[in-house]
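A.B. asks: How does the following fold in three dimensions:
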Amino acid sequence: MTGTTVLAHGVSSREDLPIPFSYALAGAAVALLVSFLALGLLWRESRLDPEHAGVALPARLQSGLDGRPFRVLLRAVGLLATAYVVLGAVAGKDDALNPTAGVVFVLFWIGLPMTSAILGPVWRLLNPVRTVHGLLSLLLRTRPEEGLAPLPARLGYWPAAAMLLAFVWLELIAPNNDTLPVLRTFFAAYLAVNLLAATYFGSRWFDRADGFEAYSSLIGRAAPLGRRGDGRLVLRNPLAGLAGIPVAPGLFAVVGVLLGSTAYDSLANSVWWINVVQDSALPPRWTATLGLLGMVALVTSAFFLAAAVAGRGSGLRPVRFAAEFAHTLVPIVLGYVVAHYWSLLVLAGQSTVIRLSDPLGTGADWLGTADHGVDGRLADPGFVAVLQVCAVLLGHVIGVVLAHDRAVRLLPRNRAVAGQVPLLLLMVAYTVGGLSLLFGA
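C.D. replies: As a prediction, this is how the structure comes out:
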């Protein structure tokens with residue numbers, strides 16, 4: 001990131017691993033290959049059935065979670081929390097002690113996927129823009145779902161991908177991105193675009209076109225609590241939840257933006273890339289922007305090409321086949337988020353919560369956290385290094401399992417295993433490349 005020290009990144013290095021880094025790379029690659037071979041021998045039919053998977057929650061508990069009082073409470077919490085942050089962003093001092101940048105780039109951007117992976121698509125219930133749209137619909141006596149025109153199916157996740165790309169550019173490259181005028185401008189534009197689009201298309205816009213809600217919903221599929229086809233809330237195998245991600249245009253663009261931007265964030269901290277930016281004839285921001293776009297394009301196009309080769313014989317067009325396998329990248333995205341941002345969340349997250357007690361910079365202690373210190377035990381370098389390797393590896397292994405299950409359903413039996421080889425090689429490349437970037441190789 002390019003902000004203040006509150007946004008500085010990780011604390012681990014290859015020397016913090018309990019084993020040599022080269023062994024960690026080799027072990028990760030072997031784990032993927034062994035998983036692939038075991039699946040080929042033992043998993044011959046598709047076993048993931050998201051429409052019927054899971055154990056239903058007791059009726060009374062489901063009624064409470066789906067009931068209007070609980071939903072209204074969550075919306076009120078989201079709106080009040082946003083108003084509290086906006087107060088600091090509008091009336092607070094534009095200095096390093098203002099918590100706004102930490103809330104946006106740490107508590108929200110990093111905390112959102114990690115919370116969604118545990119509790120499900122929480123942002124759908126907390127999203128203040130959706131709440132404001134619902135209140136406006138109530139005042140106008142219209143149904144939130146109804147707009148002036150139906151949402152075109154061809155839009156799919158493409159607007160969400162564009163919004164997320166704009167945000168990661170703000171996070172990683174934009175000048176003065178931690179200052180209040182820049183943050184206010186970005187989120188004012190975000191609010192205006194989403195409110196206008198929701199007014200025109202109805203609240204269905206938020207489901208896939210709002211970048212943050214789409215992000216939370218995709219990662220939320222990995223949560224043990226989910227909803228199956230008949231609408232019941234269930235405790236389920238996260239694999240079944242991920243397999244149930246709807247296939248829609250632009251889905252692999254969203255995961256490409258998320259994966260590629262995280263990879264670029266690691267690359268941007270390397271000595272090699274710093275030298276490239278300094279030696280470039282272009283202004284540094286232009287070089288950095290091209291690097292971000294190039295990394296997103298590389299990750300996305302590599303996946304598309306691997307899926308296109310794997311899909312020969314399936315009877316599906318390459319774009320459709322790639323969309324069918326886009327869900328396999330979601331656990332990889334989650335693994336990289338945990339690996340890359342864990343220490344940042346632990347250290348800068350605590351610092352942000354401390355500063356939230358005084359959003360106006362007047363010396364207040366509204367939340368009672370002003371005198372707290374930062375506890376770095378969960379950011380111990382050795383622990384973080386092991387966590388990084390495990391998170392990246394687990395994300396890729398789950399991706400291999402999801403890809404195998406989808407392949408045996410879509411490909412002819414005699415090509416179900418061999419057809420996955422391009423995707424497996426891509427997973428190995430992602431693993432080796434990702435770990436190398438994380439540990440500064």
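A.B. asks: Helices of the stretch 201-350 of the chain, start to end?
C.D. replies: Here the stretch 201-350 of the chain has its helices, by DSSP state H, counting those that start in this stretch, at 204-208, 211-220, 238-243, 251-268, 271-279, 284-310, 318-325, 330-355.
A.B. asks: Show the average pLDDT along the last one.
C.D. replies: Mean pLDDT, helix 330-355: 95.
A.B. asks: Report all helices and strands that the next helix or strand after that helix contacts.
C.D. replies: Using DSSP states H and E, the helix or strand that follows helix 330-355 in sequence is helix 381-410. Judged by 3 or more CB pairs under 8 Å, 6 or more residues apart in numbering; DSSP states H and E, the packing partners of helix 381-410 are helix 21-42, helix 238-243, helix 318-325, helix 330-355, helix 421-438. (Glycine included, C-beta is placed from N, CA and C.)
A.B. asks: List the buried residues in helix 381-410.
C.D. replies: Within helix 381-410, the residues scored as buried using 16 or more other CB atoms under 10 Å are 381, 383-389, 391-408, 410.
A.B. asks: so who does Ala28 touch?
C.D. replies: Contact analysis of Ala28 by CB atoms under 8 Å, 6 or more residues apart in numbering lists Val389, Val392, Leu393, His396, Thr431, Val432, Leu435.
A.B. asks: For these, please prepare a markdown table with the additional fields pLDDT and distance to Ala101.
C.D. replies: Putting the contacts of Ala28 into a markdown table (pLDDT from 0 to 100; distance: CB to CB, whole Å) gives the following:
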| residue | pLDDT | distance to Ala101 |
| --- | --- | --- |
| Val389 | 91 | 30 |
| Val392 | 93 | 27 |
| Leu393 | 94 | 32 |
| His396 | 94 | 32 |
| Thr431 | 91 | 32 |
| Val432 | 90 | 33 |
| Leu435 | 89 | 29 |
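A.B. asks: ok, of those, which one's closest to Asn127?
C.D. replies: Closest to Asn127 out of those is Val392 (29.4 Å), distances taken as CB to CB.
A.B. asks: so who does the closest one touch?
C.D. replies: Ala28, Gly335, Tyr336, Ala339, Thr431, Gly434, Leu435, Leu438.
A.B. asks: do the same with His327
C.D. replies: If you count contacts by CB under 8 Å, 6+ apart, His327 has them with Arg221, Leu242, Ala243, Ile245, Leu251, Leu402, Arg406.
A.B. asks: distance of it from Gly291?
C.D. replies: As judged by CB to CB, to the nearest Å, His327 and Gly291 stand 27 Å apart.
A.B. asks: Then Ala96?
C.D. replies: Distance of Ala96 to Gly291, computed by CB to CB: 27 Å.
A.B. asks: Specify which residue of these two has the higher count of neighbours.
C.D. replies: Each of Ala96 and Gly291 has its neighbours counted (other CB atoms under 10 Å); Gly291 has more, 19 against 12.
A.B. asks: Not including adjacent chain positions, what is the nearest residue to that one?
C.D. replies: Closest residue in space to Gly291, ignoring its immediate chain neighbours: Tyr264 at 6.1 Å, by CB to CB, 6 or more residues apart in numbering.
A.B. asks: Surely that neighbour is in contact with Leu172?
C.D. replies: Yes - if you go by CB atoms under 8 Å, Tyr264 and Leu172 touch, sitting 6.7 Å apart.
A.B. asks: residues shared between the contacts of those two?
C.D. replies: Leu292.
A.B. asks: higher neighbour count, the two?
C.D. replies: For Tyr264 versus Leu172, neighbours defined as other CB under 10 Å are more numerous around Tyr264 (24 against 21).
A.B. asks: OK, contacts around that one?
C.D. replies: Neighbour list for Tyr264: Leu172, Gly291, Leu292, Met295, Val296 [criterion: CB under 8 Å, 6+ apart].
A.B. asks: Give the burial count for the closest residue to Pro381 other than its chain neighbours, as a bare number.
C.D. replies: Distance criterion CB to CB, 6+ apart; nearest residue to Pro381, sequence neighbours excluded, is Asp16 at 4.3 Å. Counted with other CB under 10 Å, residues neighbouring Asp16 total 17.
A.B. asks: quick one: contacts for Asp16?
C.D. replies: If you count contacts by CB under 8 Å, 6+ apart, then Asp16 has Pro381, Gly382, Val384, Ala385 around it.
A.B. asks: pLDDT and distance to Ser217 added to those, as a markdown table?
C.D. replies: Converted to a markdown table, these look like this (pLDDT from 0 to 100; distance: CB to CB, whole Å):
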| residue | pLDDT | distance to Ser217 |
| --- | --- | --- |
| Pro381 | 89 | 34 |
| Gly382 | 90 | 35 |
| Val384 | 90 | 28 |
| Ala385 | 90 | 31 |
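A.B. asks: out of those residues, who's nearest Pro121?
C.D. replies: The nearest member of the contacts of Asp16 to Pro121, counting by CB to CB, is Val384 at 27.5 Å.
A.B. asks: Isn't Ala310 up against Val417?
C.D. replies: No - between Ala310 and Val417 there is no contact under CB under 8 Å: 10.9 Å.
A.B. asks: So for these two, which residue has more residues nearby?
C.D. replies: Neighbours were counted for Ala310 and for Val417 using other CB under 10 Å; Ala310 has more, 26 against 20.
A.B. asks: now that one: how far from Leu356?
C.D. replies: The gap separating Ala310 from Leu356 is 47 Å, by CB to CB.
A.B. asks: ok, now Gly211?
C.D. replies: On the measure of CB to CB, Gly211 and Leu356 end up 24 Å apart.
A.B. asks: more neighbours, these two?
C.D. replies: Gly211 (24 against 20).
A.B. asks: quick one, what contacts that one?
C.D. replies: Contacts of Gly211 (CB under 8 Å, 6+ apart): Pro159, Ala160, Ala161, Ala162, Met163, Leu164, Ala166, Phe167, Val254.
A.B. asks: which one is the fifth one nearest to, not counting chain neighbours?
C.D. replies: The one in question is Met163. Gly211 (3.1 Å).
A.B. asks: same check, this time on the second one
C.D. replies: Nearest-residue entry for Ala160: Ala214, 3.8 Å, with adjacent residues in sequence omitted and distances by CB to CB, 6+ apart.
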